[in-house]
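Enquirer: can't give you the sequence, but here's the structure:
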């Protein structure tokens, strides 16, 4: 009979699970500090280390997919002897902190109390690379590009990069992790400033403030030309209901506006408390008079506002963007402005910054622009300076940072043993979030680990972090790892509980299967819902490859590689041929097909692996096959 041990990720002590002692059946050695690699002098890329670490066990499995997530304990033992030109410092000397862009005075003073501060602004890439080998920390804003070349030039001395702001598009995270450098940001201090700027642009756009100002300064008096529109009683759609989006919503409510929002992670109760209705993406853009963008720039959101989405909007809609320029296809926006679909736009951010001076978008008479001023208030600048200075100093001390955006070190024996299950965990998270219907609001996630080992001998921190990463990262700007997984989940309003169940399986392997269940949500694919009403999926590692083994109540056997089409169908002959023929005619290569069923000639799930992403017409044709009752396309 199986026994179980259940735990829950709580918020009483945000990182209690990270600091807690964990045991492994393979080792009783003392665990290395999670952030001790910050004092490491190693500059060896992790990919070289991991290939050797895993040869002893899962030799058939490549660890390259997780090289930007994990850091091994063995790296901290490597010396700088191969870099004789590096300025070595004794443990008694102060660290050198390079500040490459202007930072508030309060932050500078805090840094000076801990180390030697070098404020060198407007460095060229060559100058930065020349300086960096003599620095222990680097603080940047958005203008400095911290590339792989910078980390290579540091030759192992650079221990932390601090981004004074939220976005870290200008920092090469993979290179940072490979070279043992922690990256931290300052995500909270400029929230109010960004929200205020969004409201300022909203009002200025509605009342033609910038155009009227330019007109008067040119000697004109054109009262009739610059008649605006009222905001009271109008509907504003807040796209992204995080820190900034929710603050914009509060202020818009104060202006008498009707506020709706779209965010797959926003808890419905939090939205209701502000008086905001959470809706689907399509409903938000189709019903809004004003659209305010506060979503991150991810592969999913890149150019999400394009010709197709503009065509779905109410004619005469007005758009504000103080988030990321890349979420808008700027050429498509110009076309929408020219056609009148979009009446006006107010933009603080752009795909290329600074934009070209002859840009049609910048010069458009119905566009109001500002040079990325969202966080540019005196109060916000000082707040960001203090927040990033505290994070950098803490990291240099080897302390755990709640704003870390790349991975800490994981004990080598734990990482080596769990390597294939790490990939499985992230894939299950990515699959689960894609099965949830938009607007549902994910709140409660239960993870069940089935293993032949005693529950106390299974360290699940890494697996939980990777499931969290898979669920959050596809549609969020958050970067999730072992350091910040619990913190990020809490920020997103997610409650993740864990259960360890002892089963009769091979004890040589740490995990037999992993099950992910999401409660109180609607599903895009009804067959993924279990008998107890939860979206439920389960997977195993087979010969080093992650497999989906259970979907809702259906047993399946699906390799989680590439893209996946799931179909629920009436179990009858010829179904594989029909669907395969549709894909073949569209030159979509099928890597595998698998059918799982509950009862013969009843219902079945057909899983189809495809190398390419089928177009909408192809997917529609699959859906029109009479025996197919539902289907979903998933990117893995």
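Expert: In hand now; what should we look at? Because the structure is predicted, anything quoted here is derived from the model rather than measured.

Enquirer: Tell me how far residue 103 lies from residue 164.
Expert: 6 Å (Cβ to Cβ, to the nearest Å). Yep, even glycine has a C-beta here, placed from its N, CA and C like the rest.

Enquirer: what do those two both touch?
Expert: By Cβ atoms under 8 Å, 6 or more residues apart in numbering, residue 103 and residue 164 have these common neighbours: 139, 141, 385, 388.

Enquirer: Looking at those residues, which are in helices?
Expert: Counted as lying in helices by DSSP state H, out of the shared contacts of residue 103 and residue 164, are 385, 388.

Enquirer: SS state for residue 161?
Expert: Per DSSP: H, G, I helix; E, B strand; the rest coil, the secondary structure class of residue 161 is strand.

Enquirer: What's the local residue count around it?
Expert: For residue 161, the neighbour count with other Cβ atoms under 10 Å is 31.

Enquirer: So it is in contact with residue 140, correct?
Expert: Yes. Residue 161 lies in contact with residue 140 (Cβ atoms under 8 Å); the separation is 7.0 Å.

Enquirer: Which residues are in contact with each of these two?
Expert: Joint contacts of residue 161 and residue 140 (Cβ under 8 Å, 6+ apart) are 146, 171.

Enquirer: OK, contacts around residue 563?
Expert: Residues near residue 563 by Cβ under 8 Å, 6+ apart: 609-613, 633-636.

Enquirer: gap between it and residue 291?
Expert: Distance from residue 563 to residue 291, counting by Cβ to Cβ: 30 Å.

Enquirer: now do residue 259
Expert: Using Cβ to Cβ, residue 259 is found at 12 Å from residue 291.

Enquirer: Can you work out which residues contact both of these two?
Expert: With Cβ under 8 Å, 6+ apart as the test, residue 259 and residue 291 both reach residue 236.

Enquirer: Which residues does residue 593 form beta bridges with?
Expert: residue 608 (DSSP bridges).

Enquirer: mind listing what it touches?
Expert: With contact taken as Cβ under 8 Å, 6+ apart, residue 593 is in contact with 576, 579-580, 606-609.

Enquirer: ok, of those, which one's closest to residue 454?
Expert: Ranked by distance to residue 454 (Cβ to Cβ), those are led by residue 607 at 34.1 Å.

Enquirer: low-scoring pLDDT stretches of the stretch 1-150 of the chain, where are they?
Expert: Along the stretch 1-150 of the chain, the model assigns pLDDT under 70 to residues 1-92.

Enquirer: Kindly recompute the last result at 50.
Expert: For the stretch 1-150 of the chain, residues meeting the criterion pLDDT under 50 lie at 1, 7-91.

Enquirer: Likewise for the stretch 451-600 of the chain?
Expert: When residues are selected by pLDDT under 50, those of the stretch 451-600 of the chain lie in 599.

Enquirer: now with 70?
Expert: For the stretch 451-600 of the chain, residues meeting the criterion pLDDT under 70 lie at 483, 597-600.

Enquirer: Okay, helices next: where are they in it?
Expert: 461-472, 485-491, 575-585 (DSSP state H, counting those that start in this stretch).

Enquirer: And the shortest one, what does it pack against?
Expert: Which is helix 485-491. Helix 485-491 sits against helix 461-472, strand 495-502, with contacts defined as 3 or more Cβ pairs under 8 Å, 6 or more residues apart in numbering; DSSP states H and E.

Enquirer: Mind checking these for the one nearest to residue 296?
Expert: Evaluated over the helices and strands packed on helix 485-491, closeness to residue 296 peaks at helix 461-472, with 10.7 Å, by Cβ to Cβ.

Enquirer: what distance separates the closest one from the centre of its chain?
Expert: 12 Å (Cα atoms, centre = their mean, to the nearest Å).

Enquirer: try stretch 197-207
Expert: 29 Å.

Enquirer: Highest neighbour count among the contacts of residue 593?
Expert: Most neighbours among the contacts of residue 593, by other Cβ under 10 Å: residue 608, with 25 neighbours.

Enquirer: doesn't residue 583 make contact with it?
Expert: Yes. Between residue 608 and residue 583 there is a contact under Cβ under 8 Å: 7.3 Å.

Enquirer: okay, and the common contacts of those two?
Expert: The overlap between the contact sets of residue 608 and residue 583 (Cβ under 8 Å, 6+ apart) consists of residue 590.

Enquirer: still on that earlier bit, now that we have the contacts of residue 563, which of them are buried?
Expert: Buried members of the contacts of residue 563, counted by 16 or more other Cβ atoms under 10 Å: 609-610, 633-634, 636.

Enquirer: neighbours of residue 296, just the number please.
Expert: For residue 296, using other Cβ under 10 Å, the count is 19.

Enquirer: part of a helix, is residue 421?
Expert: Yes. The assignment for residue 421 by three-state DSSP puts it in a helix.

Enquirer: List the contacts of it.
Expert: 463, 510-511, 514, 541.

Enquirer: Run the chain-centre distance for stretch 355-366.
Expert: Taking the mean of its C-alpha atoms, stretch 355-366 sits 31 Å from the chain's own mean (Cα atoms, centre = their mean).

Enquirer: State the mean pLDDT of that stretch.
Expert: What stretch 355-366 shows for mean pLDDT is 95.

Enquirer: Quick one: end-to-end distance for it.
Expert: With Cα to Cα, to the nearest Å as the measure, stretch 355-366 spans 17 Å from end to end.

Enquirer: what sits up against it?
Expert: Counting by Cβ under 8 Å, 6+ apart, residues outside stretch 355-366 touching it are 211, 330, 333-334, 337, 342-345, 347, 350, 367, 369.

Enquirer: Using neighbour counts, pick out the buried residues of that stretch.
Expert: By 16+ other Cβ under 10 Å, the buried positions in stretch 355-366 come out as 355, 359, 361, 364, 366.
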